[in-house]
Structures are given as structure tokens and as C-alpha cells.
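S.K.: Please find the sequence and the predicted model below.
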Amino acid sequence: MADLTTQYLGLDLENPIIVGSSGLTRSADAIARCEAAGAGAVVMKSIFEEQIEKETKEITSHVANVTWHPEAAEYVQTYSRENAVDKYLKELRAAKKAVKIPIIASVHCVSAGAWTEFIRRLEAEGADAIELNLFVMPSGVERAGDRLEQVYFDVLEKLLPTVSVPVSLKLGSYFSGLAHTLVKLGQTGLAGMVLFNRFRAPDIDIENMSIVEADNFSSPTEYVHSLRWISILANRVSCDLAATTGIHDGETVVKELLAGASVVQVCSSLYKNGMGRIDEMKQTLEKWMDEHGFDSIDDFRGNLSQSETANPADWDRVQFMKMSLQM
Ligand SMILES: Cc1cc2nc3c(=O)[nH]c(=O)nc-3n(C[C@H](O)[C@H](O)[C@H](O)COP(=O)(O)O)c2cc1C
């Protein structure tokens with residue numbers, strides 16, 4: 001029988017399927033359901049800087065008619081921040097008692113300062129690793145790419161020396177020199193990178209001519225984006241790579257591992273197909289390994305990465321030249 005154990009961020013995992021940060025991992029009970037379903041690890045729902053700020057505003061707006069003494073306003077804001085923080089720590093503490101699988105805490109941050117202390121508290125509660133969910137929207141026409149990219153390096157430079165558990169960075173793909181930037185980020189001391197976050201996106205309702213939210217769940221064809229970049233970066237970045245977005249079945253898990261991923265993170269497929277999908281993915285992976293004579297994941301991981309394959313140009317191909325001749 002094939003051995004599905006693997007390592008990610010220096011942690012030992014029973015298998016490479018991680019439940020990604022989402023409502024599926026928001027509480028200790030939810031995390032216990034992930035373990036019961038066979039997940040190798042979980043990434044907790046992120047605690048968001050914006051979420052905490054919103055809570056703070058809601059609390060102060062309940063008493064909008066009161067004229068706030070500046071000190072009192074500051075106290076309430078600190079209190080509600082602590083409240084959100086305490087809730088998160090409480091769920092982590094309970095989850096650590098309830099499950100054996102590694103728990104990766106997730107922090108969405110846009111600056112380093114306020115979170116450094118919080119991350120220490122996550123460590124103290126037993127977080128096995130930290131996933132930083134960091135995104136700078138490159139929509140400002142006046143800001144050049146290098147200035148936007150510098151934000152990522154600035155945050156890591158401040159945070160990494162203060163953290164003793166492994167840290168991974170969950171990223172979008174909006175970088176002007178994607179491979180170059182990710183290689184440089186991989187040299188900062190990160191233990192891993194998660195490629196790529198799937199952001200909430202706007203869509204247009206043409207009947208009402210209004211802006212609406214696009215589907216929050218990925219489709220099974222979206223995995224090709226992370227597959228290409230995992231394959232290009234495998235063996236070139238000095239940290240682990242986790243693949244995410246559009247990984248809906250066991251065949252896709254096999255592909256991402258062949259491209260060079262250490263693990264995969266899944267969300268949408270579990271929302272759509274139920275938690276039983278984790279077991280189906282594991283069975284497909286195990287069967288494929290048995291049929292192809294691989295005893296362990298390390299026996300084939302990265303075999304089709306750009307640096308290992310006989311035809312590296314296949315991963316760079318983007319135009320339709322050949323197809324135009326055929327169609
Ligand atoms: C309902 C929902 C909530 C999510 N919440 C978070 C979050 O708090 N933090 C985060 O980093 N990603 C969050 N994500 C993104 C997922 O972790 C994942 O990166 C994305 O959904 C792509 O993976 P998938 O194709 O398997 O869904 C969320 C996704 C969904 C669908």
C-alpha cells in the first residue's frame with residue numbers, strides 16, 4: 001500500500017491534503033470534522049485586520065450619540081480588538097486539545113507592527129505554523145510594481161525574526177515579475193508559499209446593470225494556473241510550495257505533486273461535494289501510486305516540474321500557434 005505521509009513546513013503530515021483557510025476551519029468543532037474526514041492538516045480561518053476594525057466600529061457606533069473621551073474611545077477599540085483576538089485564540093486552544101493533525105493559524109495582515117505580538121500569542125497557544133495572507137491590490141495606477149512588491153519584503157523582514165514556528169506566505173499572482181519575486185521571497189526565511197489565493201471578485205449583473213459578487217467557489221479547471229507556476233518554481237525556490245485554487249479531485253492532487261507541490265489546499269470542492277471528498281482524493285492518489293509503482297510521495301514529487309522534465313518549454317507555452325494549424 002502506498003505511503004501518503006509527507007512533510008510541509010517541517011511538519012509531519014499523514015497525507016498531503018490540507019483543508020484551506022475558510023469557514024470549514026473556523027472553529028475547534030469544524031477542525032475536528034476536518035480531521036475526522038482524513039485531512040493531513042488544516043489552515044484556520046484567517047483573522048483579518050479589517051474584520052477587527054469593523055467589529056471595533058460596530059461597537060462604537062452602538063453608542064454613537066455619546067461624545068467620546070479620546071481615552072475611552074481608545075479603550076473600547078482596544079477591548080474589541082482583544083475580544084476578536086481572544087475568540088481566535090480560544091478556538092485555537094480548543095482545537096489543539098481536540099485534534100492531532102497540525103493546525104496552521106492564518107493571519108491576514110497589511111502591516112507588520114500590530115501582528116507581531118499577536119503571532120507570539122498564536123505560538124503560545126500551540127499553532128504549529130503561521131500562514132500569512134498578505135495581499136496588496138496593485139490597482140493604483142500611480143504606484144509602480146517594485147514599490148508594491150516591497151511591502152511584502154518589509155512585512156517579512158519585521159515579522160520573521162520574531163516568530164519561532166514556521167511561516168508560510170499565501171499569495172496572489174499579481175506580480176510584474178512573478179517567478180523572480182517569488183524566488184526572492186523564498187530567500188527571506190519563509191518555510192513555504194501557497195500559490196495562489198483566490199480573491200473575491202466583482203461581476204456585473206447585466207439586467208440590473210449593477211456590480212455583484214462573482215462566484216465565491218472555484219471551478220475544477222482553475223487548477224492549471226497554480227500547476228504552471230508550481231512547476232516553474234519547484235526546485236528553484238528555497239521553501240515548500242502548497243498548491244491551491246481549483247483542486248477538486250484526486251487526479252488534480254497527483255498533478256500538483258508531479259509538478260512539485262509539497263501539499264495541496266482544498267476548500268471549494270469540500271463545500272460543493274462534502275467532506276467525504278478528502279477520502280476520495282486520498283484513495284485516488286493511493287491507487288495511482290500503486291498502479292505506477294511509487295511507494296512514497298517523494299518518489300515522484302516534482303518529476304514533471306520544469307527543472308526535471310525533458311521538455312521545459314512546455315510549461316512556458318502560452319500562445320495558440322500549434323492549435324491554429326489544427327482547428
Ligand atoms: C467561504 C470561503 C472563505 C474563505 N476564507 C478565507 C480566509 O479567511 N483566509 C484565506 O486565506 N483564504 C480564504 N478563502 C480562500 C481559500 O482558502 C482558498 O484559497 C480558495 O478558496 C481557493 O481554493 P479552492 O479552489 O479549493 O476553493 C476562503 C474561501 C472560501 C470559499
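M.R.: Cool, got the structure.
S.K.: can you give me the helices for this protein?
M.R.: Using DSSP state H, the helices assigned to the chain run over residues 28-36, 49-62, 70-98, 113-124, 145-159, 178-186, 223-233, 250-259, 268-273, 276-291, 321-326.
S.K.: and of the ones you listed, who's closest to the ligand?
M.R.: helix 268-273 (3.1 Å; CB to the nearest ligand atom). To be clear about C-beta, it is placed using only N, CA and C from the backbone, and glycine gets the same treatment.
S.K.: Which positions within that closest one qualify as buried?
M.R.: 268-271 (16 or more other CB atoms under 10 Å).
S.K.: Residues of the stretch 51-200 of the chain that sit close to the ligand?
M.R.: Residues of the stretch 51-200 of the chain lying near the ligand by CB under 6 Å from any ligand atom: 106, 133, 170, 197-198.
S.K.: Swap in 8 Å and give it another go.
M.R.: Within reach of the ligand by CB under 8 Å from any ligand atom, the stretch 51-200 of the chain has these residues: 106, 108, 131, 133, 170, 194, 196-198.
S.K.: for the stretch 201-327 of the chain, same thing?
M.R.: 216-218, 222-223, 244-248, 265-271.
S.K.: Give me the ChimeraX select line for those residues, limited to the buried ones.
M.R.: This is how ChimeraX selects the buried members of those, with burial counted by 16+ other CB under 10 Å:
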select :218,222,223,244,245,246,247,248,265,266,267,268,269,270,271
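S.K.: re the thing from before, can you tell me which of the residues of the stretch 51-200 of the chain next to the ligand is nearest residue 296?
M.R.: residue 194 (23.0 Å; CB to CB).
S.K.: The closest residue to the closest one other than its chain neighbours - how many residues pack around it?
M.R.: In space, and not counting its chain neighbours, residue 194 is closest to residue 170: 3.9 Å by CB to CB, 6 or more residues apart in numbering. Residues lying near residue 170 (other CB atoms under 10 Å) number 24.
S.K.: For residue 84, see how far away residue 170 is.
M.R.: 20 Å (CB to CB, to the nearest Å).
S.K.: Can you report phi and psi for the nearest residue to residue 292 once chain neighbours are set aside?
M.R.: Once flanking residues are discounted, residue 292 sits nearest to residue 300: 7.4 Å by CB to CB, 6+ apart. Recorded main-chain torsions at residue 300 are phi -130, psi -10, according to degrees, to the nearest 10.
S.K.: and residue 300, what does it touch?
M.R.: Residue 300 makes contact with 257-258, 289, 292, 294 under the criterion CB atoms under 8 Å, 6 or more residues apart in numbering.
S.K.: wouldn't residue 41 be in contact with residue 104 here?
M.R.: Yes. Residue 41 is in contact with residue 104 according to CB atoms under 8 Å; the separation is 6.3 Å.
S.K.: Spell out which residues are contacts of both of these two.
M.R.: Contacts common to residue 41 and residue 104, judged by CB under 8 Å, 6+ apart, are 18, 128.
S.K.: and the helices of the chain, which one is worst for confidence?
M.R.: Least confident of the helices of the chain, judged by mean pLDDT, is helix 49-62 with a mean of 60.
S.K.: Relative to residue 239, how far out is residue 288?
M.R.: 26 Å.
S.K.: neighbour count winner among those two?
M.R.: Neighbour tally, residue 288 and residue 239, criterion other CB under 10 Å: the higher count belongs to residue 239, 21 against 18.
S.K.: Ends of stretch 225-240, what's the gap?
M.R.: End-to-end distance of stretch 225-240 (CA to CA, to the nearest Å): 18 Å.
S.K.: can you give me the offset of that stretch from its chain's centre?
M.R.: Its chain's C-alpha centre and that of stretch 225-240 lie 15 Å apart, by CA atoms, centre = their mean, to the nearest Å.
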